[in-house]
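**Student:** build me a model from this:
(chains A and B, ligands or ions: 1)
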Amino acid sequence: MTMIFYFIFFGFFVSVTAGLLISWIDRKVTARLQYRVGPPILQPFTDIVKLLGKELLLPKGASKITFLFSPILGIISIMIVTTLLWLVNIWPQKTFFGDLIVVLYFLVLPSLGIILGGFASRNPLASIGASREMKLVMAYELPFILAVFVPVAKSGLSIKLGEIISYQSAYGAFISNWSGVLSFIVILFCVQAKLGLVPFDMAEAETELAGGALIEYSGPSLAIFKLTKAMMLFVLPYFIVILFLGGFNFNGLAAVRSLLGFVAIIVLIIVIRNTNPRLRVDQALRFFWGPMTILAILALVLAGRGL
Amino acid sequence: MSIKLKALLKSPWVFHLSTGSCNNCDIEILDCLTPRFDIERFGMVLVGSIRHADVLVCTGSVNRKCIPRIKEIYEQAPKPVIVVAIGECSLSRGMFINSYNCPVPLDKIIPVDVYIPGCPPKPEAIIAGIAKAIEKIKANANKK
Ligand code: SF4
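**Tutor:** Below is the predicted model:
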């Protein structure tokens, strides 16, 4: 029973509210950078409510079950990840063995949902978007996992998130040394790609693919995709905070510091998004398998030498 | 007023359909997105797919090639949808009124909610027209 409460409260309400607020910050900062005024603070909430009230259309010839199931796949997996991360952060002792691996697996599922939904909707543009998303997933997964292994290696090869957090609260955050900084950079770019933000938004490419994989989604199903996106905007920076800054700290001055770290990560993501053009998918692949993988391996070697 | 309608009026997403315009109206619509006018203040966003849209913005003289496509696009839009006709061409065919290729104005094909005249209308006029439409829909909903 308590598990269900955690799932609904931490997994859904907290992350949805935080995620929608962050997506408002994102839109507002983008607008300010372009000398515009930007939307009011409740705008993302209004968008979701409006989409929930609209008609749900099924494209002709689409495979219905996959089409309607794939948004739900994404949101459920993100809810599980959020619940896990909150529980780990609040009670670092209570974690199970290998929860890091579980989180890594569940973080792939939203992209998988987009791919499945794109292919199921029987639209040529959606198929192109989905195939681009697939290539992008293959591109960023390798450096992402390599970079995630750096905190693992530094905390004495433990794949428990709780132990990573308690190690950092005992010996200082991992970002404070070289291997931590390098893998932080790698993970920041991978998160950018996971979020599907510019420069890695070729799967959704508003200007050439007109919405890409999501082109046929309308009404409530689109709302679920937007919610998933917003929640990821909260969950992925939170994941970085846990891996590199030692998680959220809830007492006194440390709480302010971890909040500042979280905000800094989000601001970095927004600035990268606003200062770059969209890459082609082959450029993104080269970027991730070239410089990013090399950086991640370098960070792993450094971590092995205890730097 | 129901919460559904309130949310719809606060975040209308716009799909832009050109039915054979001279491109000038389209440029004026894009002007609304620029820093000077910035319609994102009102929650309006330009979307690329009709499935995401709440407002169908039509420009141009409706020519014969376009008529079946306009009908199809209108049917593909998730309801409720507001149709806005922009420019003299789509209102009354403007200077193409005697053309063999423009048989009827837009509102003979799909129901139009807002008419914004001008050749092309200024961005101020477009924003004012849409604001008036929102007021009208609100007043109608309150009367019921
Ligand atoms: S109304 Fe005027 S500006 Fe607009 S499409 Fe027609 S001719 Fe061009």
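**Student:** tell me which parts of chain B are close to the ligand?
**Tutor:** Applying C-beta under 6 Å from any ligand atom, we find that chain B lies next to the ligand at B:21-22, B:24-25, B:59-60, B:87-89, B:94, B:119-120. The C-beta positions use only the backbone N, C-alpha and C, and glycine is treated the same way.
**Student:** ok, so of those, who is nearest chain A?
**Tutor:** Using C-beta to the nearest C-beta, B:T59 is the member of the residues of chain B next to the ligand that lies nearest chain A, at 17.8 Å.
**Student:** my guess is the closest one contacts B:C22, does it?
**Tutor:** No: if you go by C-beta atoms under 8 Å, B:T59 and B:C22 don't touch, sitting 9.1 Å apart.
**Student:** any common contacting residues for those two?
**Tutor:** Common contacts of B:T59 and B:C22 (C-beta atoms under 8 Å, 6 or more residues apart in numbering or on different chains): B:C89.
**Student:** those two: who's more crowded?
**Tutor:** B:T59 (28 against 18; other C-beta atoms under 10 Å in any protein chain shown).
**Student:** just the residues contacting the lowest-mean-pLDDT helix or strand in chain B, thanks.
**Tutor:** Of all helical and strand segments in chain B, the minimum by mean pLDDT, DSSP states H and E falls on helix B:3-10, at a mean of 79. The list of residues contacting helix B:3-10 from outside it, by C-beta under 8 Å, 6+ apart, reads A:43, A:46-47, A:49-50, A:53-54, B:42-43, B:54, B:80, B:134, B:137-138, B:141.
**Student:** can you give me how far it is from the chain middle?
**Tutor:** Distance of helix B:3-10 from its chain centroid, counting by C-alpha atoms, centre = their mean, to the nearest Å, is 18 Å.
**Student:** right, and the helix or strand after it?
**Tutor:** Next along the chain after helix B:3-10, taking DSSP states H and E as the criterion, comes strand B:13-18.
**Student:** name every strand pairing with that following strand and say which way it goes.
**Tutor:** Strand pairing for strand B:13-18, using DSSP bridges, gives strand B:45-46 (parallel), strand B:55-59 (parallel).
**Student:** any idea which of those is most buried?
**Tutor:** Per-stretch averages of neighbours, counted by mean count of other C-beta atoms under 10 Å in any protein chain shown, single out strand B:55-59 among the strands paired with strand B:13-18, with a mean of 25.
**Student:** CA atoms only for that strand, dumped as CSV, please.
**Tutor:** Coordinates of each C-alpha in strand B:55-59 appear next as CSV, following Å, rounded to 0.1, in the frame of the first residue of the first chain:
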residue,chain,number,x,y,z
VAL,B,55,-6.7,26.7,-34.7
LEU,B,56,-6.7,26.3,-38.4
VAL,B,57,-5.3,29.5,-40.1
CYS,B,58,-6.1,29.7,-43.8
THR,B,59,-4.7,32.1,-46.2
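**Student:** longest helix in chain B, please.
**Tutor:** Ordering each helix of chain B by length in residues (DSSP state H) puts helix B:123-143 first.
**Student:** so which bits of that one are buried?
**Tutor:** Using 16 or more other C-beta atoms under 10 Å in any protein chain shown as the burial criterion, the residues of helix B:123-143 that qualify are B:123, B:126-127, B:129-130, B:133-134, B:137.
**Student:** can you tell me the closest non-neighbouring residue to residue 116?
**Tutor:** Since you didn't name a chain, this refers to chain A. For A:L116, ignoring the flanking residues on the chain, the nearest one in space by C-beta to C-beta, 6 or more residues apart in numbering or on different chains is A:S70 at 4.2 Å.
**Student:** ah, no, chain B please
**Tutor:** B:G129 (4.0 Å).
**Student:** which residues touch stretch A:141-160?
**Tutor:** Residues outside stretch A:141-160 that contact it (C-beta under 8 Å, 6+ apart) are A:95-101, A:104, A:108, A:163-164, A:167-168, A:174, A:179-180, A:182-184, A:186-187, A:189-190, A:194, A:243-244, A:288-289, A:292-293, A:295-297, A:299-300, A:303-304.
**Student:** what's the average pLDDT for that stretch?
**Tutor:** Per-residue pLDDT over stretch A:141-160 has a mean of 84.
**Student:** repeat for stretch A:49-69
**Tutor:** 82.
**Student:** please save the CA atoms from it in CSV.
**Tutor:** Written as CSV, here are the backbone C-alpha positions of stretch A:49-69 (Å, rounded to 0.1, in the frame of the first residue of the first chain):
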residue,chain,number,x,y,z
VAL,A,49,-5.4,20.3,-19.7
LYS,A,50,-6.4,21.4,-23.1
LEU,A,51,-4.9,18.4,-24.8
LEU,A,52,-6.7,16.1,-22.4
GLY,A,53,-10.0,17.6,-23.4
LYS,A,54,-9.5,17.2,-27.2
GLU,A,55,-10.6,14.5,-29.5
LEU,A,56,-8.4,11.4,-29.8
LEU,A,57,-8.0,10.4,-33.4
LEU,A,58,-6.8,7.1,-34.8
PRO,A,59,-5.1,7.3,-38.2
LYS,A,60,-6.4,5.0,-40.8
GLY,A,61,-4.5,1.7,-41.1
ALA,A,62,-2.5,2.2,-37.9
SER,A,63,-2.1,-0.7,-35.6
LYS,A,64,-4.4,0.5,-32.8
ILE,A,65,-3.0,-1.3,-29.7
THR,A,66,0.6,-0.4,-30.3
PHE,A,67,-0.4,3.2,-31.2
LEU,A,68,-2.3,3.7,-28.0
PHE,A,69,0.0,1.6,-25.8
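**Student:** return the set of buried residues in it.
**Tutor:** Within stretch A:49-69, the residues that count as buried by 16+ other C-beta under 10 Å are A:49-54, A:57, A:59, A:62, A:67-68.
**Student:** now stretch A:286-294
**Tutor:** A:287-288, A:292-293.
**Student:** how about stretch A:12-29?
**Tutor:** A:12, A:14-16, A:18-29.
**Student:** can you check stretch A:29-39 too?
**Tutor:** For stretch A:29-39, by 16+ other C-beta under 10 Å, it's A:29-31, A:36, A:38-39.
**Student:** dump the residues you listed to JSON lines, plus pLDDT, distance to A:V281 and secondary structure.
**Tutor:** Conversion of the buried residues of stretch A:29-39 to JSON lines gives the following (pLDDT from 0 to 100; distance: C-beta to C-beta, whole Å; DSSP: H, G, I helix; E, B strand; the rest coil):
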{"residue": "A:V29", "pLDDT": "87", "distance to A:V281": "27", "secondary structure": "helix"}
{"residue": "A:T30", "pLDDT": "85", "distance to A:V281": "23", "secondary structure": "helix"}
{"residue": "A:A31", "pLDDT": "87", "distance to A:V281": "28", "secondary structure": "helix"}
{"residue": "A:R36", "pLDDT": "85", "distance to A:V281": "30", "secondary structure": "coil"}
{"residue": "A:G38", "pLDDT": "82", "distance to A:V281": "30", "secondary structure": "coil"}
{"residue": "A:P39", "pLDDT": "87", "distance to A:V281": "30", "secondary structure": "coil"}
